[in-house]
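*Asks:* My questions are about this predicted structure, shown below with the sequence.
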Amino acid sequence: MLYLAAKLDQFGGIEKYNRTLIATLRELGVDVVVVERPLGGAFAKALFALRFCVALFTQRPRFIYCSHLYFSPLCLITRRYLGIPYGVSVYGIETANITGTAYVRTLSAAEKVVYLFEATAECVVIQVPEVRERLVLIPNSVDGTIFTIKERKEALVKRFGLEGAKVVLTIGRMSKLDGDNKGYRRVIKAMVDVVRAVPNAKYLLAGSGDDIEGVRTLVRELGLEKSVVIVSAPSYEEIVDYFNLGDVFVLPSKNEGFPPIVLLEALACGVPVIGGNQKGAEVFAEKKLGMVVPSDDVSAISAAIVNMLTGKADARLLNREMLRTKTLEWYGRPAYIEQVRKFIARINE
């Protein structure tokens with residue numbers, strides 16, 4: 001299998017999803033050759049296309065897996081001239097409005113269309129109805145052997161000035177392009193009311209991206225310098241310790257697909273979560289895995305955070321061991337591996 005992906009060493013949910021899928025395919029005996037798209041503009045695109053062509057003729061793959069819709073026209077061209085079947089991953093925001101004939105044609109000709117979320121599948125079928133019979137579910141997952149409940153790491157507590165604090169946590173990319181979707185700015189605004197109700201509350205916002213300076217400016221404008229702590233994205237080695245700092249994890253996102261990996265990782269660490277009421281979140285709420293609030297409602301976000309921090313929320317949403325157990329039952333490695341097995345069987349038919 002030839003696997004097309006963005007740079008896999010980047011910090012983000014899609015990159016993590018691809019790393020997990022590649023590792024699992026290999027674990028199940030699939031010979032996977034990865035071609036990564038370099039960061040950058042026109043030159044990077046040209047280099048990516050060149051590497052793809054070289055891999056086609058040196059590896060002679062039987063199947064191409066395209067991990068993002070934006071790369072997929074390369075696969076359509078390859079199928080047309082070389083007859084190699086391909087699959088395409090669809091996530092969330094990129095499918096909200098599929099513009100461009102090339103993308104529609106690519107999805108129409110795909111052997112398989114892999115989706116992570118039911119809401120994404122529904123959105124794609126509305127726009128490209130012929131893909132309905134070729135949809136394959138490979139959802140987000142979490143490895144419970146890595147993401148576990150731990151005591152707070154004292155070194156991190158001291159590093160970030162969290163002694164005696166009730167910690168509101170978000171881990172994710174801070175991007176000007178995607179910031180409104182993720183909702184971390186709305187959480188900062190919500191902290192004005194949260195701090196009034198819970199004076200020792202602090203918001204730990206961890207991540208990288210081009211919106212960090214803008215976020216720091218917002219914090220200063222709201223006078224929250226003592227209540228909002230902005231730190232760099234955690235390393236792979238430290239991320240579990242970061243999750244275990246949180247009393248509640250908040251991600252009031254709008255349209256990225258639900259549940260995102262970062263919420264599952266928080267839950268596997270036993271951290272109560274608050275998510276945005278985007279399509280698909282209703283199932284999450286029904287399973288009592290977390291609280292769902294209107295993504296754009298700052299007052300609702302602040303009220304939910306206060307209820308979590310003061311113990312007024314549903315007790316099932318605060319039970320760390322129960323949250324972990326239920327999350328691993330539905331989204332743990334065994335269930336995920338079975339879905340990947342089914343995918344392999346379908347492309348080998």
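*Replies:* Here it is on my side, so go on.
*Asks:* My guess is Gly280 contacts Tyr115. True?
*Replies:* No: if you go by Cβ atoms under 8 Å, Gly280 and Tyr115 don't touch, sitting 11.0 Å apart. Where you see a C-beta, it was placed from the backbone N, CA and C, and this is true even at glycine.
*Asks:* What is the burial count for Thr325?
*Replies:* 15 (other Cβ atoms under 10 Å).
*Asks:* quick one: which of Gly280 and Tyr115 has more around it?
*Replies:* Comparing Gly280 with Tyr115 by other Cβ under 10 Å, the one with more neighbours is Tyr115, at 26 against 20.
*Asks:* Show me what the more buried one bridges to in the sheet.
*Replies:* Val90, Leu137 (DSSP bridges).
*Asks:* I'd like the distance between it and Gln127.
*Replies:* 13 Å (Cβ to Cβ, to the nearest Å).
*Asks:* For the chain, which segments count as strands?
*Replies:* For the chain, the strands defined by DSSP state E cover 2-6, 33-37, 64-66, 86-90, 112-115, 135-137, 166-171, 201-206, 228-231, 248-251, 273-276, 291-293.
*Asks:* Residue ranges in the stretch 151-300 of the chain under the pLDDT threshold?
*Replies:* The model of the stretch 151-300 of the chain has pLDDT under 70 over residues 179.
*Asks:* let's see it at 90
*Replies:* 173, 175-182, 236, 253-261, 277-289 (pLDDT under 90).
*Asks:* for the protein, longest helix please?
*Replies:* helix 42-59 (DSSP state H).
*Asks:* packing partners for it?
*Replies:* The elements that helix 42-59 packs onto, with contact taken as 3 or more Cβ pairs under 8 Å, 6 or more residues apart in numbering; DSSP states H and E, are strand 2-6, strand 33-37, helix 73-82.
*Asks:* report the angle between the axes of the last one and strand 86-90?
*Replies:* Angle between the axes of helix 73-82 and strand 86-90 is 170 degrees (criterion: axes from the mean of the first three to the mean of the last three Cα atoms, to 10 degrees).
*Asks:* For helix 73-82, which helices and strands make contact with it?
*Replies:* Counting by 3+ Cβ pairs under 8 Å, 6+ apart, helix 73-82 packs on helix 42-59, strand 64-66, strand 86-90, helix 101-109.
*Asks:* Pipe the ones you listed into TSV and attach mean pLDDT, mean neighbour count and distance to Gly290 per row.
*Replies:* Listed next are the helices and strands packed on helix 73-82 as TSV, based on pLDDT from 0 to 100; neighbours: other Cβ atoms under 10 Å; distance: least, Cβ to Cβ, whole Å:
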stretch	mean pLDDT	mean neighbour count	distance to Gly290
helix 42-59	92	13	37
strand 64-66	96	26	31
strand 86-90	94	25	24
helix 101-109	91	17	31
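*Asks:* Which of those sits closest to Val298?
*Replies:* Nearest to Val298 among those is strand 86-90; the distance by Cβ to Cβ comes to 30.5 Å.
*Asks:* can you list the residues that contact the closest one?
*Replies:* With contact meaning Cβ atoms under 8 Å, 6 or more residues apart in numbering, strand 86-90 is reached by 63-69, 72, 75-76, 78-79, 106-107, 110-116, 120-121, 124, 136, 347.
*Asks:* and if you look at stretch 140-157?
*Replies:* Residues outside stretch 140-157 that contact it (Cβ under 8 Å, 6+ apart): 13, 17, 20, 116, 162-163, 238, 240-245, 259-261, 264-265, 267-270, 320-321, 324, 327-328, 331-333, 335-336.
*Asks:* can you pull the buried residues of that stretch?
*Replies:* Buried residues in stretch 140-157, counted by 16 or more other Cβ atoms under 10 Å: Asn140, Ser141, Val142, Gly144, Phe147, Leu156, Val157.
*Asks:* Closest to Gln59 out of those?
*Replies:* Ranked by distance to Gln59 (Cβ to Cβ), these are led by Ser141 at 27.4 Å.
*Asks:* Show me where the stretch 151-300 of the chain has its helices.
*Replies:* 154-159, 179-182, 184-197, 212-221, 239-243, 261-268, 281-286, 298-309 (DSSP state H, counting those that start in this stretch).
*Asks:* Nearest approach to Val54 belongs to which of these?
*Replies:* It is, among the helices of the stretch 151-300 of the chain and with distance given as Cβ to Cβ, helix 261-268, at 31.4 Å.
*Asks:* Please name every helix or strand in contact with that closest one.
*Replies:* helix 13-27, helix 239-243, strand 248-251, strand 273-276, helix 320-331.
*Asks:* looking at those, which is closest to Asn200?
*Replies:* Asn200 sits nearest to strand 248-251 of all the helices and strands packed on helix 261-268, at 13.6 Å, using Cβ to Cβ.
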